[in-house]
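**Student:** I'd like to go over a predicted model; first the sequence, then the structure.
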Amino acid sequence: MVRIAEYEIDPEMRELRGCGAPQPPGARAFDVLATLVRAGGEIVTKEALKRGVWPATALCPSCATSLIGRQAEIDAALATLDAAQTLTITGPAGIGKTALALTIAQRLGTVAAFDTCFVELSMLKGQQELLAAIADRCGAGTDDGTAPLERIRRALAQRRSLLVLDTAEHLIDEVGSLTARIVPDNPGLRVLVTSRERLYGTHEHVMRLAPLAVPSSAASFAEALDTAAVQLFLERAQSVDKAIRIENNLIHHVAEICRRLDGNPLEIELAAARAPLFGVVELNHRLDDRMDLLTSGYRTALPRHRTLRASLDWSYHLLSTPTRRLFRRLAVFNSAFTLDAVRAVVCDKTLKDTCAMEGICELAAKSMITVECESPLVTYRLGQTLRTYALERLRCDDDATALAQRNARYLASLAHGPADSRSG
Ligand SMILES: Nc1ncnc2c1ncn2[C@@H]1O[C@H](COP(=O)(O)OP(=O)(O)OP(=O)(O)O)[C@@H](O)[C@H]1O
Ligand SMILES: [Mg+2]
């Protein structure tokens, strides 16, 4: 909550109060206000303001060039939206779903003359707020007695429209049912959703976004520079401090940072912002403390993008309670693990086998573990950052030592039994 004269502004809750009474401003007016408030008194450039308030247009026309890599994904998404009406871009926190959706929106606008209606959903709670925000953004008019859904359908049917629903994971039921109701009988409409979890709609096409390419540990200088992750790191570090020079002999530290951050663009950006302060050697060394280190996002970024911890809190708080317990405990595995390992090490009377199996499905659906099916045995993996986060939470409220001992016993038993399971 921020107070300015007799006004109180709460950007997170989207509330404005004047002289103690609520003052509901228009959605865009509020976005302008919230962007200025988040800047905490610092000058907000025109570009930053546009990025905060009109994200779809802010990146135009430069967003296509500001996106590093992702050409294959752009082409695939455009081909999908040529033939199908609904596409959901899924993937873990900060992987680049919104950035990709904005580029696709810009391309569809310029190449196929689609009108874009971009709605950021993270602050919205429930169906009513969802419908009100979409109606506001797509110019569906004010309440004339017609149901908001019908007004939205009519507004979007008047032209070739692209409705971008950004950050839908906390409203997937509402967005799924809305999409099912506005898409049929409206062939000119395309709906592009970004979400850490897919909608499970009947006609939904899904693109699971992979991390940015990272260099292998054997990559040469030129090969490292050729990867999207390293390019992003260097570009962002230089945008923080133009004078920063990363000598040739240090590039392998940048490569290692990108690998340790699993090619995740948000994490790479947060790390790059620290590079001018620590240098890449020290930054690499300090990455074990990434939760406390990666805390300097853009002031105008969404609250959940300003620190690594905030970004992961958002996913963690969307989990059911038993799955949170499972997630914390999975930190005991420092590499790929099997269901057998989960049963033997993680399950007990407070986390039954069936709950754990459901939890594994929930974590996979919400992009919090990856499923690897390369060998006949299916294995699962927590990314390095998610594991660090889970470990932090495990230490707070579960018995981490007992779990580690159970894992050690399990690994010892494997050494004497069939060698078809991996964990720890
Ligand atoms: N390919 C890319 N090139 C340049 N910058 C990128 C790229 N992908 C992502 N970014 C940047 O990384 C940050 C995180 O990306 P983005 O907001 O798109 O992630 P997200 O997957 O939508 O995250 P969330 O799950 O929190 O919504 C942003 O600042 C974005 O501009
Ligand atoms: Mg996003």
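**Tutor:** The structure has been received and is ready for your questions. Residues are numbered from 1 along each chain as shown. Ligands and ions are numbered 1, 2, ... in the order given.
**Student:** where's stretch 175-188 relative to the chain centroid, distance-wise?
**Tutor:** A distance of 24 Å separates the centroid of the chain from that of stretch 175-188, by C-alpha atoms, centre = their mean, to the nearest Å.
**Student:** ok, Thr110 - how many residues close by?
**Tutor:** Neighbours of Thr110 under the rule other C-beta atoms under 10 Å: 12. C-beta here means a position set from N, CA and C on the backbone, and glycine is covered the same way.
**Student:** Next secondary structure element downstream of whatever helix or strand it lives in?
**Tutor:** Per DSSP states H and E, Thr110 falls inside helix 97-112. Downstream of helix 97-112, the first helix or strand assigned by DSSP H and E is strand 115-120.
**Student:** which helices and strands sit right next to that next one?
**Tutor:** Judged by 3 or more C-beta pairs under 8 Å, 6 or more residues apart in numbering; DSSP states H and E, strand 115-120 is in contact with helix 55-58, helix 97-112, helix 126-137, strand 161-166.
**Student:** Pick the most deeply packed of these.
**Tutor:** Among the helices and strands packed on strand 115-120, ranked by average contacts under mean count of other C-beta atoms under 10 Å, first place goes to strand 161-166 (a mean of 24).
**Student:** Provide a list of residues in contact with the residue of the stretch 1-150 of the chain found nearest ligand 1.
**Tutor:** Closest approach between the stretch 1-150 of the chain and ligand 1, counting by C-beta to the nearest ligand atom: Gly96, at 2.8 Å. By C-beta atoms under 8 Å, 6 or more residues apart in numbering, Gly96 lies in contact with 67, 70, 209, 212, 265-266.
**Student:** With Trp314 instead?
**Tutor:** Residues counted as contacts of Trp314 (C-beta under 8 Å, 6+ apart) are 93, 122, 304.
**Student:** is it true that the last one lies in a strand?
**Tutor:** No - secondary structure of Arg304, determined by DSSP: H, G, I helix; E, B strand; the rest coil: helix, with no strand assignment.
**Student:** Hmm, it is touching Ala310, no?
**Tutor:** Yes - judged on C-beta atoms under 8 Å, Arg304 makes contact with Ala310 at a distance of 4.8 Å.
**Student:** neighbour count winner among those two?
**Tutor:** Taking other C-beta under 10 Å, Arg304 and Ala310 do not tie; Arg304 has more neighbours (21 against 16).
**Student:** For that one, give me the pLDDT.
**Tutor:** Looking at Arg304, its pLDDT stands at 77.
**Student:** Could you list the low-pLDDT ranges of the chain?
**Tutor:** Within the chain, the stretches with pLDDT under 70 are 11-14, 24-28, 45-65, 143, 297-300, 417-424.
**Student:** Sketch out the strands for it, chain order is fine.
**Tutor:** Applying DSSP state E to the chain gives strands spanning 2-4, 7-10, 15-18, 21-22, 86-90, 115-120, 161-166, 189-195, 205-208, 370-372, 379-381.
**Student:** Out of these, which one sits most buried?
**Tutor:** Stretch with highest mean neighbour count among the strands of the chain: strand 189-195 (a mean of 26; mean count of other C-beta under 10 Å).
**Student:** Tell me which strands it pairs with, and in which orientation.
**Tutor:** Paired with strand 189-195 in the same sheet, following DSSP bridges, are strand 86-90 (parallel), strand 161-166 (parallel).
**Student:** could you dump these to JSON lines with distance to Ala39?
**Tutor:** Shown next, in JSON lines, are the strands paired with strand 189-195 (distance: least, C-beta to C-beta, whole Å):
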{"stretch": "strand 86-90", "distance to Ala39": "28"}
{"stretch": "strand 161-166", "distance to Ala39": "21"}
